[in-house]
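Asker: Okay, sequence plus prediction incoming.
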Amino acid sequence: MRTSDVDILMVPGWQGSAPGHWQSRWERNLTTARRVELRDWVRSGKDKWVGAIISGVATSARPTVLVAHSLGVLAAVHSALKLPQGAIAGAFLVAPVDVDDAASWPVAVGAAWPESGLGFAPVPLGRIPFPSMLLASTNDPYCRPERARHFAAAWGSQLVEVGPAGHINAESGHGPWPDGVLRFGRFLASLSP
């Protein structure tokens, strides 16, 4: 598949993706990409994130590829079994967060992670019913490598460890993220039309 064969639905992480984030850059440069819409990227709970993904998929004209980052990965996984069969061509999942270990996270810039966890815990561990690739960093402060490996195995995702890349966001030097573009292109090419 090519980008013109699918609708690309960006699912940012907690606090959204700023203009310099690779997701925002991809959204601007890929004509079939658009973002999941949430009114509040800080206080919205899991059910609002899942509802936004379901709505985004429902308005797609072609099969959808989810491109999720950080907490958006968990939102996509929580959504997986609630989406119509065959509506999702695949999911490109980047830098998952381990909400089961949120107490060890560094303090986020701009807001503190709520004690409620916004309903995302525990991390869902069921198999995802569509092809997926999970990209994880070996030094992500929000998810230890062994947990990312565990998530990939549980979800049936192809795991790609990208080395010491932090949280794979603009703050860790991944604004344009050309390696991610190449990996995404190979992932799309692996999907059946």
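Answerer: Great, that's in hand.

Asker: From Phe120, how far off is Trp49?
Answerer: 8 Å (Cβ to Cβ, to the nearest Å). In this view, the C-beta of every residue, glycine as well, is placed from N, C-alpha and C.

Asker: out of everything not next to it in sequence, what's closest to Leu159?
Answerer: Ala152 (3.8 Å; Cβ to Cβ, 6 or more residues apart in numbering).

Asker: Can you say which helix or strand has the spatially most central residue of the chain in it?
Answerer: By Cα atoms, centre = their mean, the chain has its centre lying nearest to Ala68, at 1.8 Å. For Ala68, the element it lies in under DSSP states H and E is strand 64-69.

Asker: circling back to that earlier point, quick check, pLDDT for the residue nearest to the centre of the chain.
Answerer: The score at Ala68 is 98. That number is its pLDDT.

Asker: residues touching the residue nearest to Leu188 when sequence neighbours are not counted, list them.
Answerer: Distance criterion Cβ to Cβ, 6+ apart; nearest residue to Leu188, sequence neighbours excluded, is Met1 at 5.0 Å. Going by Cβ atoms under 8 Å, 6 or more residues apart in numbering, Met1 touches 65, 89, 188-189, 191-193.

Asker: and with 6 Å instead?
Answerer: Going by Cβ atoms under 6 Å, 6 or more residues apart in numbering, Met1 touches 188, 191, 193.

Asker: what's the answer for Ala154, then?
Answerer: Taking Cβ under 6 Å, 6+ apart as the definition, contacts of Ala154 comprise Leu125.

Asker: before we move on, back to that, I'd say the residue nearest to Leu159 and Leu134 touch.
Answerer: Yes. Using Cβ atoms under 6 Å, Ala152 is in contact with Leu134, at 4.5 Å.

Asker: What count of nearby residues applies to Pro159?
Answerer: One thing to correct before we go on: residue 159 is Leu, not Pro. Burial of Leu159 is recorded as 17 neighbouring residues (other Cβ atoms under 10 Å).
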